[in-house]
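> make a model of this:
(one chain, ligands or ions: 1)
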Amino acid sequence: MLLRPLAATFCCLSLLSAHPPQKVAPEQTYRPTPAPDRIILTWSGDPATTQAVTWRTDTSIEKGLAEIAPATHGPQFPKQAKQFTAATESLKSDINEAHYHSVSFTALQPDTVYVYRVGDGVNWSEWNQFRTASAGPAPIEFIYVGDAQTDIFSMWSRVIREALLSAPRTRFIVHAGDLVNVGSTDALWGEWHRAAGWINQSVSSFPSPGNHEYPKKVFTAHWRKQFTLPENGVPGLEESNYFVDVQGVRMISINSNEKHQEQAAWLDNLLTTSTARWVLVTFHHPIFSTGKGRDNKELRELFQPIFDKHGVDMVLTGHDHTYGRTNVVTGASVQTGRAGTVYVVSVSGPKMYKIDRKPNMPRVAQDTQLFQVIRIDGDRLVYESRTARGDLYDSFELRKRKGRANQMISRVPATPELIPAPEPPPAPAKP
Ligand SMILES: [Fe+2]
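Numbers count the residues shown, from 1 in each chain. You can find the predicted model right below:
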């Protein structure tokens, strides 16, 4: 009777010593294969009639193919599929060499559900489904997140997945920079793509680069290979400074890492001719910093008057690894009747800094991972910031008013702020 447990113990011990668990090397985990991976939707043209998709394979795949068809209720759609040939580029990273393939589907119908797959004619991805945008203004919801940056697969995955569960019909996802900690490290991009998984295959991403996408002050080569984005910004900043008009919203990415003067002039000019009802701008470095000891004075002095002049509705940033959101604020210099912008700093990954609350910030947080959902319908914008658990942490509504700044209606929940308790005063010195 005693023999069996003893034998079992011996067996397990011998197994343990013979095969201790080994850490899988990033070269192995993130090795490209002939099968497509890192599939991601973005827009490079009109979201009502075009859709871009980018994916990765190993270098044996020299010709990428993508197929698209209007979605049917059942499995009939492949008969209607149209095939597109990809543009293919290679990227030699720190741990591998891969091919990145991209296709821009064109001549699509607005507000229509499509299915697509990518591959090489033999190895195919699954059929993924997305809906094109409406041709004109229509109700829209989208997600915005700050820095994912560190422990991306381990601790950011739950945030981006909870975000989708909170806004399952999101049209796009804004990433306000520092998607990864070292922009040239392929395994970190591997983590980022794995964390979002099929979300990226179903919803367009709208990324703006942070300083960590500039390792050693050089823009990572990964960016333009893996994201197919508009080239309608300042020359030299293609696919990092750009804009998209989607369902009555003009969404703009500024690359806050370089060429500030050129982008300020570009933005001023772009907004002078804009007829979009809502204008939101995203970039990495905050106009009003919430991280202790941090300030971007030059950026603020350059850009805030332009936001005021054109009545930019919201500015969505990251970088400070804390949360803070202003009321509708204007600067002291150039102001118009419509001047008034809501500035947000947020963080979605687990890297945390100490909070430094700025004036006019009704809600801040420290040591909290968050995502934001923004819904726009006609003259109303409803903003929600939720913690990694999905709990509502901050909310307001903006209402458009003719010739005047937006009206803000606070919806801040009656829950305590997630900030550290004030430190007790120092003990009196002993006499
Ligand atoms: Fe940053």
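
> now do the contacts for the closest residue to the ion within the stretch 201-350 of the chain.
Residue of the stretch 201-350 of the chain nearest the ion, by C-beta to the ion: His319 (3.8 Å). All C-beta atoms are positioned from the backbone trio N, CA, C, and that covers glycine. Counting by C-beta atoms under 8 Å, 6 or more residues apart in numbering, His319 makes contact with 146-147, 176-178, 210-211, 284-286, 289, 291, 294, 345.

> among these, which ones are in strands?
Per DSSP state E, strands hold the following members of the contacts of His319: Ala176, Val345.

> restrict the contacts of His319 to those near the ion?
Restricting those to those adjacent to the ion (criterion: C-beta under 5 Å from the ion) gives Asp178, Gly210, Asn211.

> burial measure for the first one, as a count.
Using other C-beta atoms under 10 Å as the criterion, Asp178 is surrounded by 26 other residues.

> disregarding flanking residues, what is the spatial nearest neighbour of it?
Gly210 (3.4 Å; C-beta to C-beta, 6 or more residues apart in numbering).

> cool, Asp391 as well?
The shortest distance from Asp391 to any non-neighbouring residue, by C-beta to C-beta, 6+ apart, is to Thr415 (7.7 Å).

> which one of the ones next to the ion among the contacts of His319 is nearest to Thr49?
The closest of the ones next to the ion among the contacts of His319 to Thr49 turns out to be Gly210 (C-beta to C-beta; 30.7 Å).

> where's Ser205, which helix or strand?
strand 204-208 (DSSP states H and E).

> which residues are contacting that strand?
With contact meaning C-beta under 8 Å, 6+ apart, strand 204-208 is reached by 40-43, 47, 51, 130, 142, 171-177, 179, 223, 227, 229, 240, 244, 251, 253-256, 282-284.

> now, those that are in helices?
Among the contacts of strand 204-208, DSSP state H puts Trp223 in helices.

> the ion contacts on the protein?
Going by C-beta under 5 Å from the ion, the residues of the chain near the ion are Asp178, Gly210, Asn211, His319.

> the third one reaches Asp178, doesn't it?
If I follow you right, that is Asn211. Yes - counting by C-beta atoms under 8 Å, Asp178 is a contact partner of Asn211 at 6.9 Å.

> now do the shared contacts for the two.
Shared contacts of Asn211 and Asp178 (C-beta under 8 Å, 6+ apart): His284, His319.

> helix or strand right after the helix or strand of the chain with the lowest mean pLDDT?
The helix or strand of the chain with the lowest confidence, counting by mean pLDDT, DSSP states H and E, is helix 3-18 at a mean of 52. Scanning forward in sequence from helix 3-18 by DSSP H and E, the next helix or strand is helix 26-29.

> what are the buried residues along that next one?
Within helix 26-29, the residues that count as buried by 16 or more other C-beta atoms under 10 Å are Pro26.

> for it, give the mean pLDDT please.
Across helix 26-29, the average pLDDT comes to 98.

> residue in the stretch 51-200 of the chain nearest to the ion?
Taking C-beta to the ion, the ion has its nearest neighbour within the stretch 51-200 of the chain at Asp178, 4.3 Å off.

> isn't that residue right next to Gly318, touching?
Yes - with contact defined as C-beta under 8 Å, Asp178 and Gly318 form a contacting pair (6.0 Å).

> mutual contacts of those two, please.
Common neighbours of Asp178 and Gly318 (C-beta under 8 Å, 6+ apart) are Gly146, Asp147, Gly210, His284.

> quick one: residues contacting the first one.
Read that as Gly146. Counting by C-beta under 8 Å, 6+ apart, Gly146 has contacts 176-178, 317-319, 321, 345-349, 370.

> run the chain-centre distance for the strand holding Ser205.
5 Å (C-alpha atoms, centre = their mean, to the nearest Å).

> for it, list the C-alpha coordinates in CSV.
Taking Å, rounded to 0.1, in the frame of the first residue of the first chain, the C-alpha atoms of strand 204-208 are listed here in CSV:
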residue,chain,number,x,y,z
SER,A,204,-9.2,50.2,-36.6
SER,A,205,-6.4,51.4,-34.5
PHE,A,206,-5.5,55.1,-34.4
PRO,A,207,-1.9,55.3,-32.9
SER,A,208,0.2,58.3,-32.1
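
> pLDDT on that strand, on average?
Across strand 204-208, pLDDT averages out at 98.

> ok, now stretch 112-122?
pLDDT averaged over stretch 112-122 gives 98.

> and the contacts of that stretch?
So stretch 112-122 is contacted by 34-36, 39, 51, 53, 55, 57, 61, 63-71, 77, 86, 101, 103, 105, 108, 124-132 (C-beta under 8 Å, 6+ apart).

> buried subset of the residues you listed as a ChimeraX selection?
Entered in ChimeraX, the line below selects the buried ones among these, by 16+ other C-beta under 10 Å:
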select :35,36,39,51,53,55,57,61,64,65,66,67,68,69,71,77,86,101,103,105,108,125,127,128,130,131,132
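
> give me the subset of the contacts of stretch 112-122 lying in strands.
Residues of these located in strands (DSSP E): 39, 51, 53, 55, 57, 65-70, 101, 103, 105, 128-131.

> quick one: contacts for the residue most central in space within the chain?
Against the mean C-alpha coordinate of the chain, by C-alpha atoms, centre = their mean, the closest residue is His175 at 2.0 Å. Residues in contact with His175 (C-beta under 8 Å, 6+ apart) are Val145, Ala148, Ser205, Phe206, Pro207, Ser208.

> tell me which two of these sit farthest apart.
Spatially, the most separated pair among the contacts of His175 is Ala148 and Phe206, at 14.2 Å (C-beta to C-beta).

> which of these two has more residues huddled nearby?
Comparing Ala148 with Phe206 by neighbour count (other C-beta under 10 Å), the higher total belongs to Ala148, at 32 against 28.

> Ser348 is in contact with that one, correct?
Yes - Ala148 lies in contact with Ser348 (C-beta under 8 Å); the separation is 5.5 Å.

> domains in this structure, as residue ranges please.
Listed by automatic domain parsing, the domain ranges of the chain are 28-131, 140-410.

> most tightly packed of these?
Most buried of these, by mean neighbour count (mean count of other C-beta atoms under 10 Å): domain 140-410, with a mean of 20.

> quick one on the thing from earlier: mind checking how far the residue nearest to Asp178 is from Thr336?
Plainly put, Gly210 is 30 Å away from Thr336 if you go by C-beta to C-beta, to the nearest Å.
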